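A.B. asks: Everything below, folded, please.
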Amino acid sequence: MKTTRLILIGGFLGAGKTTLIWETASRLTKSGLKTGLVTNDQAPDLVDTALLKHQNLNIAEVSGSCFCCNFNGLKDALAQVNTGKDTDIIIAEPVGSCTDLSATILQPMKKMMQGQLVISPFTVLADPLKLIEVLSKRPHIMHPGAAYIFLKQLEESDIILITKTDTLTQQQTSEIISMTKERFPFSEVMAISSVTGEGIEEWLKLVTTRTDAGKRITEVDYDIYAEGEAVMGWLNASLSLHGNNINWENFGENLMKKLAVKFDGIHAPVGHVKIIIENGKDYFTGNLTGGPESLSFRGKCGVAGEVQMIVNARVEMSPEQLDKIIRDEIAEAAGTLITIAASSWKCLSPGRPNPTWRFSEVVPAWEK
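C.D. replies: Numbers count the residues shown, from 1 in each chain. Presented below is the predicted three-dimensional model:
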């Protein structure tokens, strides 16, 4: 039986996980490797899942809780993606506010799935601006609980991947790498840009050949961890939009700009806000990972009468406040020319993490 490789890619909200996964899956597929994906969220209707389906890959979603709190759900999703037992590589993306994955996912996987999976070094992505903020110990824009999760993610990593180097000078990149290596000496530190492709091939070579996953287990205060997750309002919505020959890209850009200005104006730290508008096989995405300057757009969905839209928002505020802002801004962007019908709308605050397993000792890596 073929042994499948699992690449787990973690990192805080807005670090660039989905962009890297898109690029990674594309490169692996072009090289002839059969690749599958598993996504994860606190609620169904995930922009990432909808977007990555456009790669025509086998994909499963674990929704309703993080991987660590639904270990059996993760195992089922891996089996679903690998139904034919012929998948070469599965990429799994945990919830962005999740940590303690070495103890709750990697060690149990190494023990329980020997012979079925080889597991790559655990990669944790880090947005450079958030990384500088947390490591320099400046007054945090992030809530202290969220900053705690961010640091714990890096602490348990095998590889720290500093993203978005296209937004930095070469000197800034070197300084951040040096600062990160000093703070986390047991992790390998690399830097990439999913925009230019810089560093991706070097990282891919490493994670497709090595099996030393979960080399350490960190101590995690679950009270602080729970507080860090609970400060986030968490919204997932799936909508049908109707209009007469609407330019949906203009609508999407207008909506995202309104949301960016709104959150910036009330000084609400944004984990991420994402939309995808789908018109058949065509799609348009908008992504906000901080202030208005972090807005980015991809794709085209043209002019049409009806489209589908998914909205995901993770922002430091109460679910009630987030719910009202998203509803109000969608209504304002739609005006009188667009009608909206919601097929699903969930807004919540994540519950306390309660992992299925938590190992206290590192399990030796299994190799083919």
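A.B. asks: okay, now the domains of this protein?
C.D. replies: Listed by automatic domain parsing, the domain ranges of the chain are 4-228, 232-348.
A.B. asks: Of those domains, give the one that comes closest to Pro355.
C.D. replies: Nearest of the domains of the chain to Pro355, taken as CB to CB: domain 4-228 at 4.1 Å. Heads up, the C-betas are built off the backbone N, CA and C, glycines and all.
A.B. asks: For the closest one, measure first residue to last.
C.D. replies: In domain 4-228, first residue to last residue: 34 Å (CA to CA, to the nearest Å).
A.B. asks: next one: it to chain centre, how far?
C.D. replies: From the chain centre to the centre of domain 4-228 is a distance of 8 Å (CA atoms, centre = their mean, to the nearest Å).
A.B. asks: For that domain, what does the pLDDT average out to?
C.D. replies: Across domain 4-228, pLDDT averages out at 93.
A.B. asks: all helices of this structure, in order?
C.D. replies: 17-30, 47-52, 71-81, 101, 107-112, 128-135, 144-155, 170-183, 200-207, 222-230, 248-265, 319-334 (DSSP state H).
A.B. asks: Thr87: which of these is closest?
C.D. replies: helix 71-81 (6.2 Å).
A.B. asks: Could you pull out the buried residues of that closest one?
C.D. replies: Using 16 or more other CB atoms under 10 Å as the test for burial, helix 71-81 gives Phe71, Gly73, Leu74, Lys75, Ala77, Leu78, Val81.
A.B. asks: what packs against the longest strand along the chain?
C.D. replies: In the chain, ranked by residue count with DSSP state E as the criterion, the top strand is strand 232-247. Judged by 3 or more CB pairs under 8 Å, 6 or more residues apart in numbering; DSSP states H and E, the packing partners of strand 232-247 are strand 303-316, helix 319-334, strand 339-348.
A.B. asks: now the end-to-end length of stretch 33-47.
C.D. replies: Start-to-end span of stretch 33-47 (CA to CA) is 25 Å.
A.B. asks: Buried residues of that stretch, list them for me.
C.D. replies: So stretch 33-47, judged by 16+ other CB under 10 Å, has buried residues 34-43, 45-47.
A.B. asks: do the same with stretch 133-151
C.D. replies: For stretch 133-151, burial by neighbour count (16+ other CB under 10 Å) applies to 133-135, 141-143, 145-151.
A.B. asks: quick one: which of those is nearest Thr19?
C.D. replies: Closest approach between those and Thr19, by CB to CB: Phe150, at 18.5 Å.
A.B. asks: For the closest one, give me its contacts.
C.D. replies: Each residue near Phe150 by CB atoms under 8 Å, 6 or more residues apart in numbering is listed here: Phe12, Ala126, Lys130, Val134, Met142.
A.B. asks: Distance of the first one relative to Pro94?
C.D. replies: Computed with CB to CB, to the nearest Å, the distance linking Phe12 and Pro94 is 11 Å.
A.B. asks: between the two, who's got more neighbours?
C.D. replies: Taking other CB atoms under 10 Å, Phe12 and Pro94 do not tie; Phe12 has more neighbours (28 against 24).
A.B. asks: ok, back up a step: can I get the buried residues of stretch 133-151 in JSON lines with distance to Phe67?
C.D. replies: Output for those, formatted as JSON lines (distance: CB to CB, whole Å):
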{"residue": "Glu133", "distance to Phe67": "26"}
{"residue": "Val134", "distance to Phe67": "23"}
{"residue": "Leu135", "distance to Phe67": "26"}
{"residue": "Ile141", "distance to Phe67": "27"}
{"residue": "Met142", "distance to Phe67": "23"}
{"residue": "His143", "distance to Phe67": "23"}
{"residue": "Gly145", "distance to Phe67": "20"}
{"residue": "Ala146", "distance to Phe67": "19"}
{"residue": "Ala147", "distance to Phe67": "22"}
{"residue": "Tyr148", "distance to Phe67": "19"}
{"residue": "Ile149", "distance to Phe67": "15"}
{"residue": "Phe150", "distance to Phe67": "18"}
{"residue": "Leu151", "distance to Phe67": "20"}
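A.B. asks: and which of those residues is nearest to Met256?
C.D. replies: For the buried residues of stretch 133-151, the closest approach to Met256 (CB to CB) belongs to Ile141, at 20.2 Å.
A.B. asks: so that closest one makes contact with Ile132?
C.D. replies: No: the criterion here is CB atoms under 8 Å, and Ile141 misses it with Ile132 at 11.2 Å.
A.B. asks: Quick check: which of the helices of the chain is buried the most?
C.D. replies: helix 101 (a mean of 26; mean count of other CB atoms under 10 Å).
A.B. asks: Other residues contacting that helix?
C.D. replies: The contact list for helix 101 (CB under 8 Å, 6+ apart) reads Leu8, Gly10, Phe67, Cys68, Pro94, Phe122, Glu156.
A.B. asks: hmm, try it at 7 Å
C.D. replies: Leu8, Gly10, Cys68, Pro94, Phe122, Glu156 (CB atoms under 7 Å, 6 or more residues apart in numbering).
A.B. asks: Repeat that for stretch 328-345.
C.D. replies: In contact with stretch 328-345 (CB under 7 Å, 6+ apart) are residues 44-45, 237-243, 246, 251, 254-255, 258-259, 262.
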